[in-house]
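# 3D, please:
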Amino acid sequence: MDPVTAVGLASGIVAFITFSTSLVKGAIQIHEALDGSLEENRSHEAIAAEMKRFAIRLLPPDDSRLSGEGEGANKVHENERADLEQRLDYCRSQLDLHLTFPNKTSLDALVEAAKSDAGKLERLRSNVEDLRQGIRVAGISAEAQEQIRRLVEVQEDAFSSIIQSRIAKSLAFEGIHDRFDMVEEAHLKTFRWIFHDSHDSSVDGSSYGSSGGDATGSLLGRASSISGKLGSGKSTLMKYLGDHPRTRAELIKWADLVVAKYFFWRPGSSKQKSLDGLYRSLLHDVLESQLWAKARVASWQVQTEFAISEKDVRTAFARLVRNTSRNAKHCFCFFIDGLDEYQETAQNDHKEMVKLLTGWTTTAPRDVKLCVSSREDNMYMYNFSDNKRLRLHELTRFDMEAYAWERLDDISDQEAKRSLVTAITDRAEGIFLWAALLVKQVRDQLENGADFAALVQVVDLLPDELDGLYEHILKSLSKPDRKKAYQTLAILALSRHWRLPVSLFACSFLDKYNVDKMFAEQDDFAETGLDGMAYEEHIKLSRKRVNGWCRGLVESATGSIGYAHRSIPEFLDNQAIKDEMESFLAGFSAAEALRQLTLA
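Now for the predicted structure:
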């Protein structure tokens with residue numbers, strides 16, 4: 001109920017109570033009175049009778065005679081009265097004239113002054129425009145002109161910045177760069193071949209350039225499409241390219257460069273997997289590059305908050321590309337990752353989306369460059385030129401060797417280590433994620449004191465496919481750890497659905513939740529929650545525990561937990577895995593657990 005309605009209701013209740021009280025009191029008085037009337041009414045009746053007697057005494061004895069005399073006098077002086085009324089009307093009109101004349105004169109003067117000021121303002125506007133364009137204005141000294149020009153530029157820059165900031169804020173959406181931020185940074189010694197660093201070599205001494213740089217040339221110069229198997233590291237390479245200073249250094253030779261990026265993400269929100277999100281993200285990055293004027297739409301207004309429709313966003317982006325083709329001062333490079341993660345609509349399927357992207361380069365073939373990545377689906381393999389495609393899983397063998405070699409530094413026997421690294425890269429077949437998970441399994445066995453023969457057995461027994469590897473990892477866990485792994489994955493899935501990040505700190509209380517379903521609401525939790533540890537120690541222990549029971553399926557590098565790869569939600573959607581999860585999660589409520597962990 002709104003405040004006004006509430007006040008009206010309260011007033012009505014008070015009035016009703018007051019009326020009811022008076023009514024009851026009156027009924028009691030009537031019942032007790034001898035003549036059945038109220039004392040107040042009898043008092044009023046006595047007063048009325050007295051006033052009537054007083055009024056009768058005031059009447060003249062012969063009222064009819066006076067009335068006749070009055071009518072006669074009125075007829076005798078009727079002409080005089082009419083004359084007086086006419087003279088009064090004339091005086092009134094003269095008085096009004098004298099009072100309004102000065103005001104009219106003042107108003108006329110104001111109108112003339114306004115016309116004069118308008119002329120001066122027009123001349124001033126014309127002079128300012130001339131100054132803005134660098135034209136000298138007669139009657140103003142050169143020094144004054146320069147000062148005015150600087151003031152105008154400052155004002156325009158400030159106004160432009162305000163508009164730019166407000167439009168950028170309206171284009172932004174929650175999680176606009178979340179997927180980009182979630183992608184793991186490339187390992188220090190990986191992807192160097194992309195920039196022709198042929199002096200780098202693999203663990204067996206062969207040159208990176210012999211397989212990478214010489215085979216593909218510079219990605220920035222020759223390729224516009226990166227394809228690869230699931231888990232081959234496409235997103236990591238796209239992030240590496242988008243952030244690397246060498247990328248800008250290479251492209252700046254092409255033109256005054258603007259780089260924008262968008263990473264499609266199937267598990268994310270609607271705008272993280274749609275064309276609307278793509279347009280908004282790219283335009284948002286363009287705004288940050290001071291080129292907002294090319295994308296302006298006439299209906300956008302300068303106000304604190306306003307909504308920009310999907311139609312306006314598309315119109316703005318189309319205008320941006322068209323204007324770029326007419327003025328090659330600025331050129332664009334768009335990094336778009338995960339085309340296969342795009343969510344189709346009834347109007348725009350994957351084919352329409354590919355047609356849209358290639359249309360940008362058709363409109364401005366020399367001014368817009370695309371670098372896209374996808375799985376090797378026919379839609380992308382046949383719509384992007386073969387001679388502009390880089391098949392990543394064919395080029396990352398040395399990257400995987402370098403990664404595995406450094407991560408297995410606890411193996412002192414160099415020959416044994418080289419043999420194991422070679423076996424890992426052979427089994428991986430270009431799937432970097434598979435190699436990374438396998439290396440983690442080997443490292444875990446090293447921590448448990450396994451010998452070299454046991455390590456080789458670990459490598460040989462792991463399934464080749466990612467889904468098989470995920471299943472193997474889960475089944476290798478003890479039942480208590482597997483239960484906590486499924487609990488963590490269920491909480492993570494629910495948090496993604498509700499767009500609620502789960503911090504590593506919150507996840508650390510999962511053991512407490514399994515003991516007490518209301519642990520976060522206990523009176524003494526604030527004092528005992530950290531078990532006497534410092535916050536940093538608690539986080540460190542929590543990361544170790546999560547890694548222990550999830551074995552690489554969940555990552556926590558950013559302080560919040562997340563899937564190690566976007567293929568994991570697809571794996572968990574398998575009916576057999578769902579059935580197994582349900583058997584382990586009987587009696588477990590992911591929603592209630594998430595609530596308690598968040599409260600903690």
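
# Now Leu370: which helix or strand?
Per DSSP states H and E, Leu370 falls inside strand 368-375.

# ok, now Arg595?
Here Arg595 sits within helix 590-599, counting by DSSP H and E.

# got the CA coordinates for that helix in CSV?
These are the backbone C-alpha positions of helix 590-599, laid out as CSV (Å, rounded to 0.1, in the frame of the first residue of the first chain):
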residue,chain,number,x,y,z
ALA,A,590,22.4,-26.8,-3.6
ALA,A,591,20.2,-23.7,-3.1
GLU,A,592,20.3,-24.0,0.7
ALA,A,593,24.1,-24.8,0.6
LEU,A,594,24.7,-21.7,-1.5
ARG,A,595,22.6,-19.6,0.9
GLN,A,596,24.6,-20.7,3.9
LEU,A,597,28.0,-20.4,2.1
THR,A,598,27.0,-16.9,1.0
LEU,A,599,25.9,-15.9,4.5
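
# List the contacts of Ala436.
Contacts for Ala436 (Cβ atoms under 8 Å, 6 or more residues apart in numbering) come out as 403, 552. (Glycine included, C-beta is placed from N, CA and C.)

# what's the helix holding Arg595 packed up against?
Contact analysis of helix 590-599 by 3 or more Cβ pairs under 8 Å, 6 or more residues apart in numbering; DSSP states H and E lists helix 479-498, helix 504-507, helix 510-515 as its packing neighbours.

# what sits up against the second one?
The contact list for helix 504-507 (Cβ under 8 Å, 6+ apart) reads 488, 491, 535, 538-539, 542-543, 546, 556, 559-561, 597-598, 600.

# if we can go back for a sec, paired strands for the strand holding Leu370, with orientation please.
Counting by DSSP bridges, the strands paired with strand 368-375 are strand 225-228 (parallel), strand 330-337 (parallel).

# Need the residues that contact the first one.
In other words, strand 225-228. Counting by Cβ under 8 Å, 6+ apart, 219, 234, 237-238, 371-376, 380-381, 384-385, 388-393, 430 sit against strand 225-228.

# on that earlier part again, name the residues of the helix holding Arg595 that are buried.
Neighbour counts using 16 or more other Cβ atoms under 10 Å place 590, 593-594, 596-597 of helix 590-599 among the buried residues.

# how far away is the residue nearest to Lys479 when sequence neighbours are not counted from Phe525?
Nearest non-adjacent residue to Lys479, counting by Cβ to Cβ, 6 or more residues apart in numbering: Phe584, 7.9 Å away. The gap separating Phe584 from Phe525 is 27 Å, by Cβ to Cβ, to the nearest Å.

# can you map out the strands along this protein?
Listed in chain order, the strands found in the chain under DSSP state E are 225-228, 256-263, 330-337, 368-375, 389-391, 554-555, 562-563.

# would you list those in JSON lines and tack on distance to Ser289?
As requested, the strands of the chain are exported to JSON lines (distance: least, Cβ to Cβ, whole Å):
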{"stretch": "strand 225-228", "distance to Ser289": "23"}
{"stretch": "strand 256-263", "distance to Ser289": "4"}
{"stretch": "strand 330-337", "distance to Ser289": "8"}
{"stretch": "strand 368-375", "distance to Ser289": "14"}
{"stretch": "strand 389-391", "distance to Ser289": "26"}
{"stretch": "strand 554-555", "distance to Ser289": "31"}
{"stretch": "strand 562-563", "distance to Ser289": "29"}
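
# most packed of the ones you listed?
strand 225-228 (a mean of 24; mean count of other Cβ atoms under 10 Å).

# as a whole number, average confidence for that one?
Along strand 225-228, the predicted local confidence has a mean pLDDT of 89.

# Who are the packing partners of the single longest helix found in the chain?
Longest helix of the chain, by residue count under DSSP state H: helix 78-132. Packed against helix 78-132, as judged by 3+ Cβ pairs under 8 Å, 6+ apart, are the following elements: helix 142-171.

# Contact partners for Lys273?
264-266, 341-343.

# burial of the residue nearest to it when sequence neighbours are not counted, as a residue count?
Setting aside the residues directly before and after it, Lys273 is nearest to Gln343 in space (Cβ to Cβ, 6+ apart), at 4.3 Å. When counting by other Cβ atoms under 10 Å, one arrives at 16 neighbours for Gln343.

# what does Leu489 give?
Burial measure for Leu489: 24 neighbouring residues, criterion other Cβ under 10 Å.

# Backbone dihedrals for Trp265, both of them.
Recorded main-chain torsions at Trp265 are phi -150, psi 110, according to degrees, to the nearest 10.

# gap between Asp377 and Asp367?
To Asp367, Asp377 is 29 Å away according to Cβ to Cβ.

# What of Asp178?
From Asp178 over to Asp367 (counting by Cβ to Cβ), the distance is 29 Å.

# between those two, who's got more neighbours?
The neighbour comparison of Asp178 against Asp367 (other Cβ under 10 Å) goes to Asp367, with 21 against 16.

# correct me, but the more buried one touches Asn323?
No: with contact taken as Cβ atoms under 8 Å, Asp367 and Asn323 are classed as non-touching, separated by 9.7 Å.

# on that earlier part again, buried subset of the contacts of helix 504-507?
A residue is treated as buried here by neighbour count (16+ other Cβ under 10 Å); on that basis the buried members of the contacts of helix 504-507 are 488, 491, 538-539, 542-543, 546, 556, 560-561, 597, 600.

# Closest to Cys91 out of those residues?
Relative to Cys91, the closest of the buried ones among the contacts of helix 504-507 is Ser560; by Cβ to Cβ it sits at 88.0 Å.

# isn't the closest one right next to Ser495, touching?
No: assessed by Cβ under 8 Å, Ser560 is found out of contact with Ser495, at 9.0 Å.

# who touches both of the two?
Residues touching both Ser560 and Ser495 by Cβ under 8 Å, 6+ apart: 501-502.

# So which residues of the stretch 401-550 of the chain form helices?
Across the stretch 401-550 of the chain, reading from the start of the chain, the helices by DSSP state H, counting those that start in this stretch fall at 414-428, 432-447, 452-461, 466-475, 479-498, 504-507, 510-515, 525-528, 535-550.

# what's the neighbour count on Gly449?
Other residues near Gly449 come to 7 when the count uses other Cβ under 10 Å.

# Next one: it from Asp410, what distance?
Gly449 sits at a distance of 11 Å from Asp410 (criterion: Cβ to Cβ).

# With Thr363 instead?
Using Cβ to Cβ, Thr363 is found at 55 Å from Asp410.
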